[in-house]
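Novice: no sequence on this one, just coordinates:
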């Protein structure tokens, strides 16, 4: 390998990677060309790929850009599948304006939605914001550690410090906290949290999720009634978001 080829490979490896999923090839490549001009490495795929979920693990993208693709909801179904194994920021592009559909897309694990027609510069700004936020929350060398004012969470040792003092969480409480903090600003429905944390078949009311969230807030929030970290999204579920 000559010096020029080696240098090109190094540059590519340092570029942030985005995977774009859209069955409209022309739209997909149009977006890809724009993002490439702004320094990203872009991989285009369509929903016809039978092993689409493997593409994300193979390329280790920094952000996923999915067409919502009504009426079959392929984007939502793929998002739900990916959320079982990746925390990578995921942005939906949609031609639909219904609030209920947007809530469904976000509760499935999406981080944001941008509606067509959109300004490409706005799309670029949102992409950069989500990648920046994700890297700030979990630096590459410390992806297991989240440090915020008065709250420190170590996902490897499962230790939680509040104002410097360790607090004791049950396994279910820590599981809920881990899911939420690894996906900041992502809305989780009560049903999805139950399915993620209570792996056994549903034998009790979903009320148990709300009880555990209540207990978790009592342990990590200075004022559980005015939470700084774990927020309720009316009609949708819960999300982790730092409020200074």
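Specialist: On my side now, so go ahead. The structure presented is a predicted model; accordingly, all values stated were derived computationally and were not measured.
Novice: who's in contact with residue 221?
Specialist: 227, 228, 229, 230 (C-beta atoms under 8 Å, 6 or more residues apart in numbering). All C-beta atoms are positioned from the backbone trio N, CA, C, and that covers glycine.
Novice: not counting its neighbours along the chain, what's nearest the most centrally placed residue in the chain?
Specialist: For the chain, the residue sitting closest to the mean C-alpha position, by C-alpha atoms, centre = their mean, is residue 89 at 4.2 Å. The shortest distance from residue 89 to any non-neighbouring residue, by C-beta to C-beta, 6 or more residues apart in numbering, is to residue 130 (4.0 Å).
Novice: the one you found: neighbour count?
Specialist: 21 (other C-beta atoms under 10 Å).
Novice: quick check, pLDDT for it.
Specialist: Predicted confidence (pLDDT) at residue 130: the value is 90.
Novice: contacting residues for it?
Specialist: Shown in contact with residue 130 (C-beta under 8 Å, 6+ apart): 63, 89, 91, 111, 112.
Novice: farthest-separated two in these?
Specialist: Farthest apart among these by C-beta to C-beta are 63 and 112. That separation is 10.1 Å.
Novice: after the strand or helix carrying residue 36 comes which helix or strand?
Specialist: Using DSSP states H and E, residue 36 sits in helix 25-37. Per DSSP H and E, helix 25-37 leads on to strand 41-45 as the next helix or strand towards the C-terminus.
Novice: now what about that next one, what contacts it?
Specialist: 12, 15-22, 25, 28-29, 31-32, 35-36, 52, 55, 59, 61.
Novice: among the contacts of residue 130, who's most crowded?
Specialist: residue 89 (27 neighbours).
Novice: show the pLDDT at it.
Specialist: Value for residue 89, per-residue pLDDT: 90.
Novice: low-confidence ranges in this structure?
Specialist: 1-14, 70-72, 136-144, 199-205, 243-244 (pLDDT under 70).
Novice: if you set the cut-off to 50 instead, what comes out?
Specialist: 1-14, 141 (pLDDT under 50).
Novice: domain ranges for it?
Specialist: 3-137, 140-240 (automatic domain parsing).
Novice: now the strands for the chain?
Specialist: Ranges of strands within the chain are 17-21, 41-45, 63-67, 90-94, 112-115, 145-148, 151-154, 159-162, 165-167, 230-233, 237-240, based on DSSP state E.
Novice: can you list the neighbours in contact with the first one?
Specialist: Which is strand 17-21. 28, 31-32, 35, 40-47, 52, 55-56, 59-67, 75, 78, 127.
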